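> Provide a 3D model corresponding to the input given below.
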Amino acid sequence: MLRPLLFDLAKDVFELAFADANHRVVERKRLTRNAFARVLENREPLHVVVEACGSAHYWGRRFERLGHRVTLLPAHQVRPYVLRRKTDRTDADGLLEAMRCSQIRAVPIKTPEQQGVQGLHRIREHHKAQRTAAINLIRGLLREFGITIPAGADKVRPAVLTALEDGENELPMALRDGLAEMLDQVTHAEAAMTAIEAHLNDFLRRDARSQRLQQAGGVGLITATAMSASVGDLNRFASGRHLPSALGVTPREHSSGNQRRLGRITKRGDVYLRTLLIHGARSMLVTAKAARKKGASLDRTQQWALDLADRPGHNKAAVALANKTARRLWAAEHHGSRFDPNHQSSRVVTTH
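As a prediction, this is how the structure comes out:
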């Protein structure tokens with residue numbers, strides 16, 4: 001059994017706690033970044049335990065190359081084990097207690113490529129937020145002068161150019177220059193998003209997992225690459241129910257005895273992935289409604305989602321469809337089969 005080493009990550013100062021086989025702290029160190037980078041170079045193999053926070057994956061890969069076993073624990077699940085006031089020392093002690101809990105699942109160490117794809121997604125979201133803010137600002141400013149722009153981002157540029165070329169409106173010249181600059185910012189943000197999507201397409205062509213995930217309805221380039229980079233191997237979840245639970249699209253439960261109470265979704269886990277899955281489910285619902293209106297044939301999943309939307313409503317049906325999509329993605333990966341929207345689970349009925 002390897003001796004545990006717990007350390008609390010920081011920007012400049014790192015708290016280390018060496019424990020013995022009985023999980024008792026026998027040595028403590030407080031090191032700077034440079035000293036911390038060399039502390040495990042000539043030591044016997046240790047079981048390194050750290051919270052899955054900023055830079056944890058980098059240090060995990062580095063220590064694994066030195067021959068140590070590394071375990072990353074979810075930070076929000078370690079926090080209840082921190083006693084007394086929060087300090088670097090008590091954080092390390094909390095890690096020591098949390099590592100003994102078998103119900104806490106370790107976070108897989110991401111590869112540099114996975115972290116790079118996640119970084120591209122964050123940069124794309126940054127450009128998207130800037131574009132949305134610029135469009136909203138343009139709409140608000142023009143509305144003050146009686147100029148309204150129809151809904152849709154693609155309607156903004158033609159409407160603004162028309163307003164700038166119209167010499168009969170009341171737009172001051174200085175504001176015209178400012179609106180032209182804002183329009184350039186929107187164009188720059190859109191070009192940056194397009195360039196990032198090209199890089200994500202390159203990753204998609206190399207990543208077989210992303211290609212399999214994209215076969216599901218409501219899962220496109222963004223969702224497939226984000227899930228592959230963030231979640232990784234879906235088989236690390238024990239069953240199909242564990243994946244949507246980890247993403248926070250399962251009902252919050254507060255039950256006791258014979259009374260079972262289910263509430264709203266837990267909203268735990270990765271907010272970005274949960275948002276992408278739910279938006280994809282909304283798109284599937286809209287497509288299914290349009291197909292039903294035209295009298296086109298529907299697959300089993302579309303018919304199930306529409307029947308559900310007719311009862312509790314569109315939003316709840318979208319969340320339920322996102323939950324079902326996540327479970328089916330796990331099943332397709334687990335069984336090595338193609339995603340089938342007409343799949344029906346077979347139940348074995350036993351007679352006594």
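> low-confidence ranges in the chain?
Along the chain, segments meeting pLDDT under 70 span 1, 345-352.
> Mind naming the longest helix for it?
In the chain, taking DSSP state H as the definition, the longest helix is helix 173-206.
> other SSEs contacting it?
Identification of packing neighbours for helix 173-206 by 3 or more C-beta pairs under 8 Å, 6 or more residues apart in numbering; DSSP states H and E yields helix 112-143, helix 156-165, helix 208-213, helix 221-230. (Each C-beta comes from the backbone N, C-alpha and C, glycine too.)
> If you count neighbours, what's buried in it?
179, 182-183, 185-186, 189, 192-193, 196-197, 200, 203-204 (16 or more other C-beta atoms under 10 Å).
> Make JSON lines from those residues and add distance to residue 141 to it.
Listed next are the buried residues of helix 173-206 as JSON lines, based on distance: C-beta to C-beta, whole Å:
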{"residue": "179", "distance to residue 141": "7"}
{"residue": "182", "distance to residue 141": "8"}
{"residue": "183", "distance to residue 141": "12"}
{"residue": "185", "distance to residue 141": "13"}
{"residue": "186", "distance to residue 141": "13"}
{"residue": "189", "distance to residue 141": "18"}
{"residue": "192", "distance to residue 141": "23"}
{"residue": "193", "distance to residue 141": "23"}
{"residue": "196", "distance to residue 141": "28"}
{"residue": "197", "distance to residue 141": "29"}
{"residue": "200", "distance to residue 141": "33"}
{"residue": "203", "distance to residue 141": "38"}
{"residue": "204", "distance to residue 141": "39"}
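> Closest to residue 283 out of those residues?
Using C-beta to C-beta, residue 197 is the member of those that lies nearest residue 283, at 17.0 Å.
> Which stretches in this structure count as strands?
3-8, 13-19, 25-32, 46-51, 69-73, 251-253, 262-265 (DSSP state E).
> what comes up buried for the second one?
Neighbour counts using 16+ other C-beta under 10 Å place 14, 15, 16, 17, 18, 19 of strand 13-19 among the buried residues.
> same for that strand, what does it pack against?
Using 3+ C-beta pairs under 8 Å, 6+ apart, strand 13-19 sits against strand 3-8, strand 25-32, helix 33-38, helix 88-98.
> Can you tell me the strand partners of that strand and which way each runs?
Here strand 13-19 is paired, per DSSP bridges, with strand 3-8 (antiparallel), strand 25-32 (antiparallel).
> from those strands, which stretch is densest packed?
When the strands paired with strand 13-19 are scored by mean count of other C-beta atoms under 10 Å, the highest mean neighbour count falls to strand 3-8 (a mean of 23).
> Minimum distance to residue 143: which of the strands paired with strand 13-19 has it?
strand 3-8 (51.0 Å).
> Contacts for that closest one, please.
The contact list for strand 3-8 (C-beta atoms under 8 Å, 6 or more residues apart in numbering) reads 14-21, 23, 36, 40, 44, 46-51, 68, 88, 91-93, 95-96, 99.
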